[in-house]
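Visitor: Turn this into a structure:
(one chain, ligands or ions: 1)
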Amino acid sequence: MKESVLTMSGVTKVFSTEEMETHALRGIDLTIYRGDFVSICGPSGCGKSTLLSILGLLDMPSSGQYQIEGEEVSQLTLAQSAYIRNEKVGFIFQSFNLIDELTVYDNVALPLRYRKEPMSEKQIKQAVEACLAKVDMSHRASHKPNQLSGGQQQRIAIARALVGKPSMLLVDEPTGNLDSINGDAVMAMLQQLNAEGTTLCMVTHDPRYADMATRQLHLLDGKIIDSEEHSDPKHAFEIPLAQ
Ligand SMILES: Nc1ncnc2c1ncn2[C@@H]1O[C@H](COP(=O)(O)OP(=O)(O)OP(=O)(O)O)[C@@H](O)[C@H]1O
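Guide: Below is the predicted model of the structure:
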């Protein structure tokens, strides 16, 4: 039987200012199962980023239920949500969000240094080295992010997202700042991670990349209007990566 990683029911999000209320999400019902690769598409302003922020506990719903691995997370304090986010969610952003002052190694190690249960430097080293090897960037461990190409920086961001062994990866326009060759290489890597069992949820404007998911959600005006399963998703091109 499929095991759910997260379940949302009736999730809404209203942004209120003195002048107006914006109903960004209008009742989202969504279950993501372990091993899914879900893509979220839809026109500008339909609520994709808002949904991803709530999925990743960067923001809280206005109403509705949200459970991650059976635990209700729709009413947490900031400290509780930060703790669960660090343990269970890996993020990959369009703009990489690496820290320029830190080496590649320390960028990837960062989520582990914020663990509630402290890890030894030896455990951290093992985990960081395994993730850098996975994205083929071991030889760049002592570089700074600004010494790397965009495609290489996104691979470091993938290593950082993976290092804490999260329950899911949330991916926001991962190829938005990359040319098509590097974009295809990053998508090939994400598809490979999914083939190895990683659960992924990705926002994209690019229909070619949305087609690489096993389930495509279409959002319009804060609602899921369509959900398509793809038993045989399109495959990313296998491209030799920049070293
Ligand atoms: N902090 C905020 N305060 C007020 N309104 C907001 C806020 N964040 C988002 N919105 C509004 O909520 C709606 C959904 O925004 P959201 O950023 O989720 O859309 P999106 O689908 O990700 O758009 P895009 O593809 O352009 O990034 C929009 O109308 C937006 O203006």
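Visitor: From here on, just use CA atoms for contacts and neighbour counts.
Guide: OK.
Visitor: pLDDT averaged over the one helix or strand V11 maps to, what's the number?
Guide: For V11, the enclosing helix or strand under DSSP states H and E is strand 4-16. Averaged across strand 4-16, pLDDT comes to 97.
Visitor: I'd like the numbering to begin with 457 instead of 1 from here.
Guide: Got it, the first residue is 457 from now on, which makes the last one we talked about strand 460-472.
Visitor: is that strand anywhere near the ligand?
Guide: Yes: legend: contact between strand 460-472 and the ligand by CA under 6 Å from any ligand atom is shown at F471.
Visitor: who does that strand pair up with?
Guide: strand 477-489 (antiparallel), strand 519-524 (antiparallel) (DSSP bridges).
Visitor: want to try CSV for the ones you listed, with mean pLDDT, distance to the ligand and mean neighbour count as columns?
Guide: What follows is those, written out as CSV (pLDDT from 0 to 100; distance: least, CA to the nearest ligand atom, whole Å; neighbours: other CA atoms under 10 Å):
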stretch, mean pLDDT, distance to the ligand, mean neighbour count
strand 477-489, 97, 4, 18
strand 519-524, 97, 15, 20
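Visitor: Now render those strands as CSV, adding distance to K621.
Guide: As requested, these are exported to CSV (distance: least, CA to CA, whole Å):
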stretch, distance to K621
strand 477-489, 16
strand 519-524, 15
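Visitor: Of all these, which one comes closest to A583?
Guide: strand 519-524 (23.9 Å; CA to CA).
Visitor: Beyond the closest one, next helix or strand please.
Guide: Assignment by DSSP H and E places the next element after strand 519-524 at strand 527-528.
Visitor: Return the distance of that next one from the chain's centre.
Guide: 20 Å (CA atoms, centre = their mean, to the nearest Å).
Visitor: What lies in contact with it?
Guide: Contacts to strand 527-528, defined as CA atoms under 8 Å, 6 or more residues apart in numbering, come from residues Q521, Y522.
Visitor: What is whichever helix or strand comes after that strand packed up against?
Guide: Using DSSP H and E, the helix or strand that follows strand 527-528 towards the C-terminus is helix 534-544. Packing contacts for helix 534-544, counted by 3 or more CA pairs under 8 Å, 6 or more residues apart in numbering; DSSP states H and E, involve no helix or strand.
Visitor: Could you list the paired strands of the next helix or strand after helix 534-544 along with their orientation?
Guide: Next helix or strand after helix 534-544 toward the C-terminus (DSSP H and E): strand 545-548. Sheet neighbours of strand 545-548, with direction, are listed as strand 624-628 (parallel) (DSSP bridges).
Visitor: what about the strand it pairs with and the ligand, touching?
Guide: No: Strand 624-628 stays clear of the ligand (CA under 6 Å from any ligand atom), getting no nearer than 9.2 Å.
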